[in-house]
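Colleague: What follows is a predicted protein model with its sequence.
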Amino acid sequence: MQLNESLILFFVDIVLGYIPQAAGCAVCLFTIADQRLRSRPFLITTIIYAVIAMAIRLLYNIGFIDFGFHTIIIWMIFIIVAIFYNKLPVMQSTVSILVSGILITVSEIITAIVLSAIFGAERFNAMMNNTATVQGQIEKAICGIPMNFLFLIIVLILSLVVKRQRAKKAALKAQSAEGEATQEEDADITEE
């Protein structure tokens, strides 16, 4: 029974928890840095982010990290990966993690409100605080699944919006450059 619970916890906490959140952070990074999402570096960055989040969280859970700032440690390492592995500018790397943090917080608030409405505030709080048993950890991880996917969906939508805006700006810039070139040609012909 313990092995089954451990496998369930692994699935809901890691596969449906850390991986979507890591992918969301990577989407945010690649969007802000104007990098292609459909690329090998994006996939590798997502995997690296997921491994970092799992490792730091594991260290926190076993008591090796003795304070509640494990999320900040994770984000600091994400920034370091973005700078040194992805070779992205410090400002873009930092901004992407700050934006990710804001969007994760928004997703958590929305999810908490919805789950509190469904289960009742008292039951929801009990589920969030009951981590002494594996069953309690599973319940808490299950409650986190909607937040992680909401975060990923929000980031993907924002990425599409940003991509379209950039395409429009590039088209306007090309059109403007073409118009200026035509005016210069007309001016040259008039002078002749």
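Modeller: Thanks, I have the structure now.

Colleague: can we go C-alpha only for contacts and neighbour counts from here?
Modeller: Fine.

Colleague: And the helix or strand of the chain with the lowest mean pLDDT, what's buried?
Modeller: Between all helices and strands in the chain, the lowest mean by mean pLDDT, DSSP states H and E belongs to helix 2-10, at a mean of 81. Neighbour counts using 16 or more other CA atoms under 10 Å place 8-9 of helix 2-10 among the buried residues.

Colleague: any low-confidence regions in the chain?
Modeller: Applying pLDDT under 70 to the chain flags the ranges 1, 66-68, 181-192.

Colleague: longest helix anywhere in it?
Modeller: Identified as the longest helix of the chain according to DSSP state H is helix 134-191.

Colleague: and that helix, how far from the chain's centre?
Modeller: The chain centre lies 16 Å from the centre of helix 134-191; the measure is CA atoms, centre = their mean, to the nearest Å.

Colleague: Can you name the secondary structure element that comes next after the least confident helix or strand of the chain?
Modeller: helix 19-32 (DSSP states H and E).

Colleague: now the angle between helix 134-191 and that next one, please.
Modeller: Between helix 19-32 and helix 134-191, the angle comes out at 20 degrees (axes from the mean of the first three to the mean of the last three CA atoms, to 10 degrees).

Colleague: now for the next helix or strand after helix 19-32, which elements pack on it?
Modeller: Next helix or strand after helix 19-32 toward the C-terminus (DSSP H and E): helix 40-61. Helix 40-61 sits against helix 19-32, helix 70-84, with contacts defined as 3 or more CA pairs under 8 Å, 6 or more residues apart in numbering; DSSP states H and E.
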